[in-house]
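Undergrad: one predicted model, sequence on top.
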Amino acid sequence: MNLSIVVVGLSVTSSWGNGHATTYRALIEALARRGHQITFLERDVPWYRAHRDLDKPSSWRVELYQSLRDIPQRFGQLIRDANLVIVGSYVPDGIAISEWITSYARGIKAFYDIDTPVTLAKLDGGLDYLSAAMIPRFDLYLSFSGGPVPAMLEERYGSPLARVLYCSADNETYKPQQAQARWMLGYLGTYSEDRQPTIEQLLFAPARELFPEQFVVAGAQYPEQIRWPDNVQRIDHLAPQQHAKFYAEQRFTLNATRADMRTLGFSPSVRLFEAAACGTPVISDRWPGIETVFEPSQEILLASTPRDVIQILRDMPEDRRRAIAEKARQRILANHTSGHRARQLETYYTEATARRRCKPMGVPAARSAQVAEL
């Protein structure tokens, strides 16, 4: 099976403040290795243009567009003839793009929601990248969240076929490296207001207690008013090529979960997979369904309070620390590489194709005025 695939996504060229980039890169590289032809369409915007960190891919294409009208004018035939067209979450003008694609493309149309908890929390109140009315028009809904969420998307929102497609780790990029440990505990992630209290509780507070041990936080968009402990080093941004070394220089790394993800559960972040693939033991906050991804106490360490973290950092024997890291890495290699996700997507495509053959196509909803102008 060799498919022509078009992805309209947030950004694949820049990981600055954008966790989508490594998710897309890992999946697309794995699909390309399996013989599929992939074109990624990305809106050219100033904040990503200034921070591009993707070398020109050798086995797939990236095309930048300037405006909504560029999509049908420059890529209309490509989208019409593709076997699979994927629209991602947080795409600018995503609703208008989705309306046009679901009306025009002949192949399977999928929505890839890398932000499912945020989407479901705000869907009824209005989003600019997806509406509830659009969900039934996609042949396939690829959900960042597992557990009961795909069934909810089918039963409550009318998705014809909803399937979980977790993020993954590209095990060629994210793998153990030899490095001297510089930090007792670190965190890698873009600033988020609802995630910051977890960082302050599970990293800042232990840092103050364990001074002068060294800690680190890397990621973009942290506001100036944050009061950083003296022994917490601040790194503004790290390109993905630097992530593996960064993880290797930590004895433990922290996974901090956004509020909507904690509430919905079953929503492992891409950083969780990538850190584990690098062989760094992960301390995570607690959320429903985490045990379906990693086995607590054996493959991941869970913490609710600063005291939990302090006890792990201060008292855990080195042989147990290494054993937990290795078990988590083996779980990634067995279940959560980008190759696993590529094969899952192929299976879902086949399932959606079979379903379409067995069920007559519905009549598309009336197009918005914005789409009619394209």
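TA: Sure thing, it's come through.

Undergrad: where's the nearest residue to Pro281 once chain neighbours are set aside, which helix or strand?
TA: Distances taken as Cβ to Cβ, 6 or more residues apart in numbering place Ala325 nearest to Pro281, at 4.2 Å, with adjacent residues excluded. C-beta: built from backbone N, CA, C; applies to glycine. Ala325 belongs to helix 318-335 when assigned by DSSP states H and E.

Undergrad: buried sites along that helix?
TA: Residues of helix 318-335 classed as buried: 321, 324-325, 327-329, 331-333 (neighbour count, 16 or more other Cβ atoms under 10 Å).

Undergrad: ok, residues contacting that helix?
TA: 169, 171, 176, 251-252, 273, 276-282, 293-295, 298-301 (Cβ atoms under 8 Å, 6 or more residues apart in numbering).

Undergrad: for the helix or strand following that helix, packing partners?
TA: Counting by DSSP H and E, the next helix or strand C-terminal to helix 318-335 is helix 338-358. Judged by 3 or more Cβ pairs under 8 Å, 6 or more residues apart in numbering; DSSP states H and E, helix 338-358 is in contact with helix 20-33, strand 108-113, strand 140-143, strand 162-164.

Undergrad: how close does the closest residue to Leu165 other than its chain neighbours sit to Glu326?
TA: Once flanking residues are discounted, Leu165 sits nearest to Leu142: 4.2 Å by Cβ to Cβ, 6+ apart. Plainly put, Leu142 is 31 Å away from Glu326 if you go by Cβ to Cβ, to the nearest Å.

Undergrad: secondary structure class for the most far-flung residue of the chain relative to its centre?
TA: Distance from the centre of the chain peaks at Pro212, with 34.1 Å (Cα atoms, centre = their mean). Assigned with DSSP: H, G, I helix; E, B strand; the rest coil, Pro212 falls in the coil class.

Undergrad: gap between it and Asn231?
TA: 6 Å.

Undergrad: with Ala218 instead?
TA: On the measure of Cβ to Cβ, Ala218 and Asn231 end up 15 Å apart.

Undergrad: looking at the two, which one has more neighbours?
TA: Just comparing Ala218 and Asn231: by other Cβ atoms under 10 Å the higher neighbour count belongs to Ala218, 19 against 16.

Undergrad: okay, that one: pLDDT?
TA: As predicted, Ala218 sits at a pLDDT of 98.

Undergrad: do the same with Arg227
TA: Arg227 carries a pLDDT value of 96.

Undergrad: what's the local residue count around it?
TA: Neighbour count for Arg227, taken as other Cβ under 10 Å: 6.

Undergrad: which SS class is it?
TA: coil.

Undergrad: now it: phi and psi?
TA: For Arg227, the backbone dihedrals are phi -100, psi 100 (criterion: degrees, to the nearest 10).

Undergrad: check the one 3 residues further on too.
TA: Phi and psi for Asp230, reported as degrees, to the nearest 10, are phi -60, psi -30.

Undergrad: helices of the stretch 101-250 of the chain, residue ranges please.
TA: 116-122, 149-155, 196-199, 205-209, 243-248 (DSSP state H, counting those that start in this stretch).

Undergrad: would TSV of those helices with distance to Thr257, mean neighbour count and mean pLDDT be doable?
TA: Formatted as TSV, those follow (distance: least, Cβ to Cβ, whole Å; neighbours: other Cβ atoms under 10 Å; pLDDT from 0 to 100):
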stretch	distance to Thr257	mean neighbour count	mean pLDDT
helix 116-122	9	21	96
helix 149-155	15	18	98
helix 196-199	7	18	98
helix 205-209	17	20	98
helix 243-248	18	20	98
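
Undergrad: compare the ones you listed and give me the one nearest Thr347.
TA: Smallest distance to Thr347 across the helices of the stretch 101-250 of the chain (Cβ to Cβ): 13.8 Å, for helix 149-155.

Undergrad: tell me what the closest one is packed against?
TA: Applying 3+ Cβ pairs under 8 Å, 6+ apart, we find helix 149-155 packed against helix 116-122, strand 140-143, strand 162-164.
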